[in-house]
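Engineer: no FASTA, just this:
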Ligand SMILES: CSC[C@H]1O[C@H](OP(=O)(O)O)[C@H](O)[C@@H]1O
């Protein structure tokens, strides 16, 4: 359960064996609520409707979704159906396809009668691996933050991040936030500028919530303020997550990331992408080939929040006659990326060393 300072987690098997519990991220920050996923359809819906989100967490949830499916039908056909149902939920984060391939290969090699228990064991393994992986990303990113902090001569290191690549986007630690939490633990003074990240407000709702829970100094900013702060020397480093990274280091992340990278380049601010190797898609030579999820218009024409009554409400903010475009992600070219922080180390984009990870 997520209590500041105690074990953080976003997904865990129900102790009574009824299914898998998740933190319902559509209710944060106003409500801390869990949802029990009982079957494949529950898991698919949780990913598609973003009760769980974030590339690594989507992958782990999909693995648990396969495990839930095996309880109903552990046949080859049942396994194929589970993989296809979950694959169709969201197209951009490659961790989804990666996790389904991993658990699919693992289960297809064993007799049906063993798959039910083995699937849950494998999903738990992926979850534990995610935690270790993100902790290593944190350690590798901490080295960068230490170097940058030295120039601050005791004043806070000022970090800008976009969307939520925090522990809420993973099983724990996060990717972009892992170096932040490690730096906090190491006693490095820091302050984080949190992009609100329209339209789903993952920054305002999730990253701000996380940092508040952990006691990390931060300011929420509108998405369009980041360039101004960088122009005025108020940002020392940008760090973001990723949903899919092409073989050349082009990084696909939440919509608006590309604009931050452009501003960072123009202002001489280091711009880092933090992601596990499982977020790389080495089959794609460049980022323009990454499928970009187009989500529903209502996410743009409406906003949700907590009313004075304490109810969570959604209101229309655009005229009824106004349509909307809602691409969920954009691609930051490798030339704008200072480095990619992985569990295996920090790599310059578009290099042979990076490609050798594949
Ligand atoms: C650690 S991956 C986080 C990544 O996923 C988010 O997308 P979404 O909230 O739509 O799942 C966003 O792109 C984050 O950077």
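Structural biologist: Right, received. Where do you want to start? Being a predicted model, the structure only gives us computed values, none of them experimental. Numbers count the residues shown, from 1 in each chain.
Engineer: count of neighbours near the residue of the stretch 101-250 of the chain found nearest the ligand?
Structural biologist: Per Cβ to the nearest ligand atom, residue 241 is where the stretch 101-250 of the chain lies closest to the ligand, at 3.3 Å. C-beta coordinates here come from the backbone N, C-alpha and C atoms, glycine included. Neighbour count for residue 241, taken as other Cβ atoms under 10 Å: 31.
Engineer: Point me to the residue of the stretch 51-200 of the chain nearest the ligand.
Structural biologist: residue 53 (3.3 Å).
Engineer: Next, that residue: phi, psi?
Structural biologist: Backbone geometry at residue 53, expressed as degrees, to the nearest 10, gives phi -160, psi 170.
Engineer: got the contact list for it?
Structural biologist: By Cβ atoms under 8 Å, 6 or more residues apart in numbering, the residues touching residue 53 are 25, 47, 164, 169, 202.
Engineer: tell me which of these is nearest to residue 69?
Structural biologist: residue 47 (13.4 Å; Cβ to Cβ).
Engineer: That closest one contacts residue 89, doesn't it?
Structural biologist: Yes - with contacts counted by Cβ atoms under 8 Å, residue 47 reaches residue 89, the gap being 4.2 Å.
Engineer: And those two? Which one has more around it.
Structural biologist: The residue with more neighbours, out of residue 47 and residue 89, is residue 47; 24 against 20, by other Cβ under 10 Å.
Engineer: Can you classify that one as helix, strand or coil?
Structural biologist: helix (DSSP: H, G, I helix; E, B strand; the rest coil).
Engineer: OK, contacts around it?
Structural biologist: 53, 58, 61, 62, 65, 86, 89, 90, 96.
Engineer: and it, how far is that from residue 312?
Structural biologist: For residue 47, the distance to residue 312 (Cβ to Cβ, to the nearest Å) stands at 21 Å.
Engineer: Next, give phi and psi for the residue in the stretch 251-358 of the chain positioned nearest to the ligand.
Structural biologist: In the stretch 251-358 of the chain, the residue that lies nearest the ligand is residue 254 (3.4 Å; Cβ to the nearest ligand atom). Phi and psi for residue 254, reported as degrees, to the nearest 10, are phi -50, psi 140.
Engineer: got the contact list for the spatially most central residue of the chain?
Structural biologist: For the chain, the residue sitting closest to the mean C-alpha position, by Cα atoms, centre = their mean, is residue 54 at 2.9 Å. Residue 54 is in contact with 93, 164, 165, 166, 168, 169, 170, 241, counting by Cβ under 8 Å, 6+ apart.
Engineer: Most neighbours among the contacts of residue 47, which one is it?
Structural biologist: residue 62 (33 neighbours).
Engineer: Quick check: closest non-adjacent residue to that residue.
Structural biologist: residue 86 (4.5 Å; Cβ to Cβ, 6 or more residues apart in numbering).
Engineer: again with residue 128
Structural biologist: Nearest to residue 128 is residue 171, by Cβ to Cβ, 6+ apart, at 7.9 Å.
Engineer: Quickly find the element holding that neighbour.
Structural biologist: Using DSSP states H and E, residue 171 falls within no helix or strand.
Engineer: And residue 67, by the same measure?
Structural biologist: Going by DSSP H and E, residue 67 is part of helix 55-72.
Engineer: could you point out which element follows that helix?
Structural biologist: Tracing the chain past helix 55-72, the next element assigned as helix or strand by DSSP H and E is helix 76-87.
Engineer: What residues does the stretch 251-358 of the chain have near the ligand?
Structural biologist: 253, 254, 328 (Cβ under 6 Å from any ligand atom).
Engineer: Output those as TSV; include the columns pLDDT and distance to residue 338.
Structural biologist: As requested, those are exported to TSV (pLDDT from 0 to 100; distance: Cβ to Cβ, whole Å):
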residue	pLDDT	distance to residue 338
253	98	15
254	98	18
328	98	24
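Engineer: now, which of the residues you listed sits nearest residue 355?
Structural biologist: Taking Cβ to Cβ as the measure, residue 355 lies nearest residue 253 of these, at 19.9 Å.
Engineer: low-scoring stretches of this protein, by residue?
Structural biologist: Along the chain, segments meeting pLDDT under 70 span 1-7.
Engineer: Residue 301: how many residues sit nearby?
Structural biologist: Using other Cβ under 10 Å: residue 301 sits among 17 other residues.
Engineer: Same question for residue 138.
Structural biologist: 25.
Engineer: State the helix or strand in which it lies.
Structural biologist: Counting by DSSP H and E, residue 138 is found in helix 112-150.
Engineer: Quick one: distance of the helix or strand just after that helix to the chain centre.
Structural biologist: Next helix or strand after helix 112-150 toward the C-terminus (DSSP H and E): strand 157-161. Distance, stretch centre to chain centre, for strand 157-161: 18 Å (Cα atoms, centre = their mean, to the nearest Å).
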